[in-house]
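Participant: Here is a sequence together with a model predicted from it:
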Amino acid sequence: MIEIDNLTKIYGDTHAVDAVTMRAETGSITVIVGTSGSGKTTLLRMINRLEEPTSGEVRINGEPTHVEKPHLLRRRIGYAIQGHGLFPHHTVARNIAAVPLLLGWKKQKIRDRVDELLTLFSMEPAAFRDRYPAELSGGQQQRVGVARALASRPELLLMDEPFGALDPIIRAQAQDDLRRIQQRLGSTIMLVTHDMEEAIRLGDKVAVMDGGRLVQHAAPAEIIAAPATDFVRDMVGDVERPLRLLSLIPLAELIEDGPADGDALPADASLRDALSTCLWTGRSAVPVTREGIVVGRVTFEAIRNRAELHA
Ligand SMILES: Nc1ncnc2c1ncn2[C@@H]1O[C@H](COP(=O)(O)OP(=O)(O)OP(=O)(O)O)[C@@H](O)[C@H]1O
């Protein structure tokens, strides 16, 4: 059991994480979801002490994490981040074996674990063991990254946007793989994403963060049926029918005059793309281009109004 107790991180006058309390059962997946800047990554990084909390504590199976040396703690906690972070000059087998080697496991035990994990991830050990990361596809590299994080059977696996860089088709496969392997190994996982669809699909429990606060922590069905705040309702909207329809409507239909910062989207991108961009970057409007020239903007509010027409 992982217990997070009143955990707070303050940077200057920003409450990045504000008195978050929650529990995660052993053998479950908790998905922490929220828009950019809501404190997800900071929360995750306080669990393995890549960040030290301003106050509060984390306990793993009853033991407070702050009494252990951070580097020893991190051997018990796997960590997988977006972009797999593989060592380019090491083979797949050596990459997966990184933590077991550090822990001084016997050669045969390491070899067995590497082969077991490659097999679980549908990568034939004989074909992949001795390859280098550059000889793998993006999806294969990501699988090796997750296999590496699982290799020592950590008490807890932390994953920060592990599938963020994958295209949507591979992404769905990667999520299915993770679910299957997690059930097989009984791993306890905490995963951060900005994507409510991913949260609903993967989580036994979904923890929604908004402005550093935990606004709802519940099973996916409850999050959908009874969102605790308007913010949660908006995020859940993302996975429901009206917003699926948005993927069929081009931005061209909602272009208006006015300023908008950040990277632009082309006029033939969908409202769904613009909505994802707003949620992902925390922006309230996205510039729109035609043939590379900015012709206006689309606002989050206009997209929401349009979605309501279809509700
Ligand atoms: N090292 C730091 N120094 C100062 N402020 C920070 C630092 N790290 C994070 N913050 C601030 O804390 C808040 C939460 O950031 P955090 O990275 O945890 O959010 P997030 O939800 O993970 O966002 P994203 O999805 O963009 O990664 C933000 O306002 C951010 O600017």
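Facilitator: Yes, it's here.
Participant: Enumerate the residues of the stretch 1-150 of the chain near the ligand.
Facilitator: By the rule CB under 6 Å from any ligand atom, the part of the stretch 1-150 of the chain lying against the ligand is Tyr11, Thr14, Ala16, Gly34, Ser36, Gly37, Ser38, Gly39, Lys40, Thr41, Thr42. Quick note: C-beta positions are derived from backbone N, CA and C, even for glycine.
Participant: what's the burial count for the fifth one?
Facilitator: A count of neighbours around Ser36, defined by other CB atoms under 10 Å, yields 13.
Participant: what's the nearest residue to it if we skip its chain neighbours?
Facilitator: Nearest non-adjacent residue to Ser36, counting by CB to CB, 6 or more residues apart in numbering: Gly282, 4.2 Å away.
Participant: Identify the residues contacting that neighbour.
Facilitator: Going by CB atoms under 8 Å, 6 or more residues apart in numbering, Gly282 touches Thr35, Ser36, Gly37.
Participant: Quick check: Ile255 vs Pro287, distance?
Facilitator: Distance of Ile255 to Pro287, given as CB to CB, to the nearest Å: 10 Å.
Participant: Then Leu265?
Facilitator: Relative to Pro287, and taking CB to CB, Leu265 is found at 8 Å.
Participant: right, and the helix or strand after the lowest-mean-pLDDT helix or strand in the chain?
Facilitator: Least confident helix or strand of the chain, by mean pLDDT, DSSP states H and E, is helix 241-246 with a mean of 63. Going down the chain from helix 241-246, the next helix or strand is strand 265-266, by DSSP states H and E.
Participant: Mind listing residues that contact that following strand?
Facilitator: By CB under 8 Å, 6+ apart, strand 265-266 touches Leu251, Asp273, Ala274, Thr277, Val286, Pro287, Val288, Thr289, Arg290, Val298.
Participant: From those, which land in helices?
Facilitator: Within the contacts of strand 265-266, residues falling in helices by DSSP state H are Asp273, Ala274, Thr277.
Participant: Can you tell me which of these are buried?
Facilitator: Asp273, Ala274, Thr277 (16 or more other CB atoms under 10 Å).
Participant: partner residues bridging the nearest residue in space to the first one that is not next to it in sequence?
Facilitator: So the one you mean is Asp273. Spatial nearest neighbour of Asp273, excluding adjacent residues (CB to CB, 6+ apart): Leu265 at 5.9 Å. Beta bridges link Leu265 to Val288, judged by DSSP bridges.
Participant: number of nearby residues for Leu265?
Facilitator: Neighbours around Leu265, by other CB under 10 Å: 20.
Participant: for Glu301, same thing?
Facilitator: Count around Glu301 with other CB under 10 Å applied: 11.
Participant: what about it, which SS state?
Facilitator: helix (DSSP: H, G, I helix; E, B strand; the rest coil).
Participant: Now do stretch 101-113: everything it contacts.
Facilitator: Arg75, Ala93, Arg94, Ile96, Ala97, Pro100, Ala151, Ser152.
Participant: Out of those, name the ones that lie in helices.
Facilitator: Among those, the residues falling in helices (DSSP H) are Arg75, Ala93, Arg94, Ile96, Pro100.
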